[in-house]
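K.L.:
Have a look; sequence and predicted model below, questions after that.
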Amino acid sequence: MRKLSLYTCWFLCKQRPHHFVEALLTEGYDIQVFAPRSLRAHNPLPPGKCRVPLSARFMISSRFERLPMVRTYNSAQARRLLDEFVSSEADCHIFQAPPLELPRKPAYLIYDCMDNWAAFPGAAEGMAGREAQLCDAADRIWVTSRGLAARMHGKFASKLEYLPNAADVGHFQSVPAMKVRKSRPALGFVGWMGEWLDDELIAAVSRLLRGWDILMVGPDRLTRKQKAGLRQPNIHCLGAKAYEDLPAFLANVDVAMIPLRLNDLVRCVNPVKLYEYLAAGIPVISTPLPEVVPYSEEGVLECASEPLEFARAAARLLANPQGARCQEIARNNSWRVRFLPAIARAARLRECAMSSVRPGIGACR
């Protein structure tokens with residue numbers, strides 16, 4: 001199984017799908033990417049790196065979707081792109097995007113479930129139903145978290161494989177050597193900032209850590225109320241940064257944080273930023289996300305929900321950082337470690353399915 005077709009949201013910040021493509025291209029896989037795009041969309045990968053055949057269909061911005069003509073146009077474009085995806089010649093078709101209804105089933109289909117899509121604020125109506133249809137059609141379902149696995153376990157248990165997120169370790173491993181000398185310690189955050197961000201916790205921690213700077217980078221989807229709460233003297237929201245610039249930013253950070261609200265969305269999240277922080281040799285303080293808690297270790301990661309304990313944990317991590325141990329953990333959680341064995345297992349299962357071998361025997365596991 002060397003020829004793959006991938007349907008994904010390619011024209012966003014660099015995330016799991018891009019790392020999947022990078023990891024497999026280095027192993028000689030032939031990959032074609034199918035993706036919707038808008039006028040403002042851009043390829044987030046550096047020029048000359050990770051070039052793949054790309055079939056993209058132009059979509060009009062969602063802000064105009066209330067217009068009937070726009071809805072009709074976007075719907076037609078989406079159908080064409082999905083038809084191109086399922087009709088493409090590939091040994092395996094992999095769907096890595098919010099669920100959509102496929103026009104027909106490819107010969108061998110993997111659904112890579114990255115989030116609890118129906119729990120996102122403003123999720124499209126019928127998302128849960130479309131995901132159930134996609135799971136029915138899929139021959140294999142990868143899930144990034146145990147929470148997602150639990151949601152699907154009953155009907156789809158035989159198809160499930162737990163495949164968490166990871167880090168491009170090489171991209172971040174030089175951060176310790178780049179460290180910037182500062183007069184004040186810094187608590188840092190990298191990632192999308194939306195309703196799931198616990199702005200009240202961050203604001204309270206900023207008042208407890210008045211001698212610290214709190215540095216935050218990432219796309220801003222905060223509400224007005226959240227933005228108002230984060231207007232504190234030592235909180236600095238620095239906007240989005242290119243993936244290539246993240247190591248230089250993290251060189252200014254002493255302790256990294258994952259301050260997310262525990263809701264139905266976040267309980268199913270496996271945050272890429274966790275592995276990237278560790279790859280940079282930076283200890284982490286987080287709210288107790290189920291996928292984060294297992295990494296708790298002195299000098300590496302602590303979890304806390306209340307502002308005072310969160311601030312105290314940050315101070316402990318600052319006093320006793322175990323940067324080498326952080327990077328050791330990250331090396332065991334690289335994208336290559338994740339994806340290469342998984343695609344090899346999928347190839348074996350596909351061979352069994354194509355040859356009508358009974359599932360469950362040793363060769364098909």
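P.N.:
Cool, the structure landed.
K.L.:
Adjacent strands (with direction) for the top strand by length along the chain?
P.N.:
Counting residues, the longest strand found in the chain (DSSP state E) is strand 30-37. Strand 30-37 has the following sheet partners, assigned by DSSP bridges: strand 3-8 (parallel), strand 54-58 (parallel).
K.L.:
Can you check which of those gets nearest to residue 100?
P.N.:
Closest to residue 100 of the strands paired with strand 30-37 is strand 3-8 (Cβ to Cβ; 8.2 Å). C-beta coordinates here come from the backbone N, C-alpha and C atoms, glycine included.
K.L.:
Next, the angle from the helix or strand following that closest one to strand 3-8.
P.N.:
Using DSSP states H and E, the next helix or strand after strand 3-8 towards the C-terminus is helix 16-25. Here the directions of helix 16-25 and strand 3-8 differ by 170 degrees (axes from the mean of the first three to the mean of the last three Cα atoms, to 10 degrees).
K.L.:
Which stretches in this protein count as helices?
P.N.:
16-25, 68-87, 127-137, 146-156, 169-172, 199-208, 224-229, 246-250, 272-279, 307-319, 323-331, 335-354 (DSSP state H).
K.L.:
Which of those helices comes out lowest on mean pLDDT?
P.N.:
Of all the helices of the chain, helix 68-87 carries the lowest average pLDDT, namely a mean of 90.
K.L.:
ok, and for that one, which residues are buried?
P.N.:
By neighbour count on 16 or more other Cβ atoms under 10 Å, the buried set for helix 68-87 is 70, 73, 74, 77, 81, 82, 85, 86.
K.L.:
What backbone torsions are found at the residue nearest to the last one when sequence neighbours are not counted?
P.N.:
Nearest residue to residue 86 in three dimensions, chain neighbours excluded: residue 106, at 5.0 Å (Cβ to Cβ, 6 or more residues apart in numbering). Residue 106 has phi and psi values of phi -70, psi 170 when expressed as degrees, to the nearest 10.
K.L.:
In this structure residue 286 contacts residue 301, no?
P.N.:
Yes - when contacts are counted by Cβ atoms under 8 Å, residue 286 is listed as touching residue 301 (6.7 Å).
K.L.:
Give me the common contacts of these two.
P.N.:
Shared contacts of residue 286 and residue 301 (Cβ atoms under 8 Å, 6 or more residues apart in numbering): 274, 292.
K.L.:
number of nearby residues for the residue nearest to residue 286 when sequence neighbours are not counted?
P.N.:
Take residue 286 and drop its neighbours on the chain: the residue closest to it by Cβ to Cβ, 6+ apart is residue 258, 3.8 Å away. Residue 258 has 24 neighbouring residues, counting by other Cβ atoms under 10 Å.
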